[in-house]
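[1] here is the input, now give the coordinates:
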Amino acid sequence: MKTCIMCGGEGTRLRPLTFDRPKPMIPLLNKPSVVHLVEHLAMEGFNDIVVTLGYLGGEIEAALGDGSMYGVHIEYVHEQEKLGTAGGVKNAEELFEGEPLMVVGGDHVMNLGLRELYRFHEKNDAPVTIGLIPIDDPREYGIADMDVNSRITRFFEKPGPGEIFSNLASTGIYVCDPEVLDWIPKQKYDFAKDLFPAIMAKGENINGFLVHGRWTDIGNPQAYREACRWMLEQMPGTKISGRFNIKDAKVSGPVDIGHDVSLGSNSAIVGPIVIGENTSIGDNVLIGPYTSIGSNCRIGNNSRILSSYIFDNVEIGSNTAVSGAIIDNATGIKNSCILETGTVIGPRVIIKEGVTVNSTVRIWPEIRVKEGTRVTENLGNDDFGNDIKGS
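    Model (predicted):
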């Protein structure tokens, strides 16, 4: 059976992290998220993959290649215009060769037993099986009502107050019989909004399957942080690749440390933590649990980095506190700054000395924040577009 990974969206809800890259290429523990997904598919035995590409799709193709590095075979289909989820799969129809197919999102992070889902579909008679998982807040997902025989009786996309009749959220993982593609027109068309209601209106059954394990899509910064956290929780132990320069400092695992990392005097690393190569950490620095730091980063003396996700080529000055933040490539945070929980800093930003960025504030690429400023609302950049709603 073939698997289709949908990678066409622009990732507007994750801005400013998706201006330089498509959403599936966002680093997750210093490796593109889509690479983790392909590795999981390979582990589950799904090694024949079709990837649908849209926004900045060339970056995904360059990262994955033909898939041989990951023990799979990958083919690509480029969308010339936005086709929606089902329309994008229809656009790749000739590559599925009349076989059943599994559809997953390119922004999915999971440790689910996908083979169980596929075997369930094989044994039942519905043309579509949707992977469902109970979640606390299903407002950003399609929700389903399912009877004891696994038949979905209602399906509703992104419910509002008074419409949340179930907390069974669609994972966006579907197993489809080949004839389902015949029901999809060659135009913009979505699985949840268009196809599933049409199938149910014709009296056809759609099955639900309660998946086991952990799953999220990294559709917004909060979901991204959660995905990083639980992947760090799964770290099996300590790994040090190459030279690790440590001077009178403390390390408590698990940690994954790249080549040529230095840790200054009286500093402490408390895992789980991932640190990329050629990164230097100054004296009296605390790097707290659930943190990832990319390659070629510099962290100044007396700073504190807690539960944060820092990409490549980032410089953080002395006496700076970063808590629960995401910082994109080539950004500079000067001395004596505070980045509060939930802040998202785009690429190539310069934050001058003594700046405080309030919780949940986002700063767009190439913004310069003046010394001593308190940033209380998002700082956009018209050169990039400021919308954060949508895909």
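
[2] pretty sure S295 contacts N30?
    Yes: counting by C-beta atoms under 8 Å, S295 touches N30, with 7.2 Å between them. The way it works is simple: take the backbone N, C-alpha and C, and place the C-beta from them, glycine included.

[3] helices of the stretch 1-150 of the chain, start to end?
    33-43, 57-64, 84-91, 114-123 (DSSP state H, counting those that start in this stretch).

[4] which of these sits closest to T373?
    Taking C-beta to C-beta, helix 33-43 is the member of the helices of the stretch 1-150 of the chain nearest to T373, at 32.2 Å.

[5] now do the contacts for S292.
    Residues in contact with S292 (C-beta atoms under 8 Å, 6 or more residues apart in numbering) are P27, L29, N30, C228, L232, I273, V274, I275, Y309, I310.

[6] is it in a helix, a strand, or coil?
    strand (DSSP: H, G, I helix; E, B strand; the rest coil).

[7] nearest to T343, out of the helices of the stretch 1-150 of the chain?
    helix 33-43 (20.4 Å).

[8] what helix or strand is the residue in the chain sticking out farthest from the centre located in?
    Residue farthest from the centre of the chain, counting by C-alpha atoms, centre = their mean, is D248 at 36.3 Å. Secondary structure from DSSP states H and E places D248 outside every helix and strand.

[9] what's the closest non-adjacent residue to A92?
    V77 (4.0 Å; C-beta to C-beta, 6 or more residues apart in numbering).

[10] repeat for P138
    Closest to P138 by C-beta to C-beta, 6+ apart is A169, at 4.3 Å.

[11] number of residues surrounding the one you found?
    A169 has 21 neighbours, counted by other C-beta atoms under 10 Å.

[12] from E94, how far out is the nearest residue to F156 once chain neighbours are set aside?
    Counting by C-beta to C-beta, 6+ apart, I143 is the residue found nearest to F156 once chain neighbours are left out, at 5.6 Å. Distance, I143 to E94, by C-beta to C-beta, to the nearest Å: 33 Å.

[13] picking that back up, so for D107, which of the helices of the stretch 1-150 of the chain sits nearest?
    It is, among the helices of the stretch 1-150 of the chain and with distance given as C-beta to C-beta, helix 33-43, at 6.6 Å.

[14] ok so, going back, for G106, state which of the contacts of S292 is nearest.
    P27 (14.5 Å).

[15] ok, that closest one touching I310?
    No: under the criterion of C-beta under 8 Å, P27 makes no contact with I310, lying 9.5 Å away.

[16] higher neighbour count, those two?
    I310 (29 against 24).

[17] the more buried one bridge partners, please.
    I293, I327 (DSSP bridges).

[18] could you pull up the contacting residues of A325?
    S308, Y309, L339, E340, T341, G342, T343, V344, I345, V357.

[19] which other residues reach stretch 201-212?
    Contacts of stretch 201-212 (C-beta under 8 Å, 6+ apart): 112-113, 116-117, 120-121, 124-134, 144, 146, 150-152, 155, 168, 171, 173, 196, 199-200.

[20] and if we set it to 6 Å?
    112-113, 117, 120, 124, 126, 128-133, 144, 146, 150-152, 199 (C-beta atoms under 6 Å, 6 or more residues apart in numbering).

[21] do the same with stretch 267-277
    29-30, 232, 235, 249-261, 281, 285-289, 291-295.

[22] can you flag the buried ones in the contacts of stretch 201-212?
    112, 117, 120, 126, 128-133, 144, 146, 150, 152, 199 (16 or more other C-beta atoms under 10 Å).

[23] just give me the longest strand of this structure.
    strand 168-176 (DSSP state E).

[24] separation between the spatially most central residue of the chain and T85?
    Closest residue to the average C-alpha location of the chain: I218 at 3.4 Å, with C-alpha atoms, centre = their mean. I218 is 16 Å from T85, where distance means C-beta to C-beta.

[25] which parts of this protein belong to which domain?
    With domains defined by automatic domain parsing, the chain comprises 2-220, 239-375.

[26] compile those into JSON lines and extend it with columns for mean pLDDT and distance to D383.
    Output for the domains of the chain, formatted as JSON lines (pLDDT from 0 to 100; distance: least, C-beta to C-beta, whole Å):
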{"stretch": "domain 2-220", "mean pLDDT": "91", "distance to D383": "10"}
{"stretch": "domain 239-375", "mean pLDDT": "97", "distance to D383": "8"}
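
[27] fine by me, we can end here.
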